[in-house]
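Engineer: missing the sequence, but the structure's below:
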């Protein structure tokens with residue numbers, strides 16, 4: 001069994017577990033390992049460019065869950081004026097290694113679980129379908145992604161009114 005699925009199974013909420021598994025399946029389907037390796041090199045290049053030339057770092061989505069670097073750093077406790085910024089002005093060495101660790105360990109599952117909780121904070125939904133669609137849209141920004149996540153969750157678990 002995939003180690004990420006094992007980490008997902010340890011989440012205490014059944015509906016967040018379903019959402020995270022759906023996101024994982026969608027993201028790993030559309031972003032194979034070779035593509036993610038290119039992303040890691042691109043991230044390393046951005047950080048190197050930042051260190052050498054003080055260029056801002058692109059807020060890439062990275063890892064199996066394609067979480068934005070800003071969201072990984074927000075999970076760690078860093079505050080940003082704009083959570084949807086395209087660039088990060090500074091990144092310490094410890095933050096750089098934290099981002100890399102968040103891509104390859106159970107930390108990525110904790111980050112995505114935290115992000116889902118942040119997205120759902122103070123929101124009410126009439127059905128699990130609507131909640132899944134909202135998460136998909138907020139997570140990816142694409143209505144097609146939102147529908148795919150909703151369909152995946154319904155198809156694999158059969159929950160239609162779980163919220």
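Structural biologist: Alright, I've got the coordinates. Keep in mind that this is a model prediction, so the values were computed, not measured.
Engineer: rest of the way, CA atoms for contacts and neighbours
Structural biologist: Will do.
Engineer: Flag every buried residue along stretch 61-73.
Structural biologist: Buried positions in stretch 61-73, judged by neighbour count with 16 or more other CA atoms under 10 Å: 61-73.
Engineer: What lies in contact with stretch 85-97?
Structural biologist: Contacts with stretch 85-97, where a contact means CA atoms under 8 Å, 6 or more residues apart in numbering, come from 47, 50, 55, 56, 57, 58, 59, 70, 73.
Engineer: distance between the ends of it?
Structural biologist: Taking CA to CA, to the nearest Å, stretch 85-97 runs 21 Å from one end to the other.
Engineer: tell me the mean pLDDT over it?
Structural biologist: For stretch 85-97, the mean pLDDT works out to 92.
Engineer: Name the residues of that stretch that are buried.
Structural biologist: The neighbour-count check on stretch 85-97 (16+ other CA under 10 Å) flags 88, 95, 96 as buried.
Engineer: How about stretch 6-26?
Structural biologist: Buried-residue list, stretch 6-26, by 16+ other CA under 10 Å: 7-9, 11, 15-26.
Engineer: pLDDT averaged over it, what's the number?
Structural biologist: Stretch 6-26 comes out with an average pLDDT of 93.
Engineer: do stretch 59-70 as well
Structural biologist: Averaging pLDDT along stretch 59-70 gives 93.
Engineer: could you measure the residue most central in space within the chain against residue 129, distance?
Structural biologist: Relative to the mean C-alpha position of the chain, the nearest C-alpha, by CA atoms, centre = their mean, is the one of residue 67, at 3.1 Å. In this view, residue 67 and residue 129 are 22 Å apart by CA to CA.
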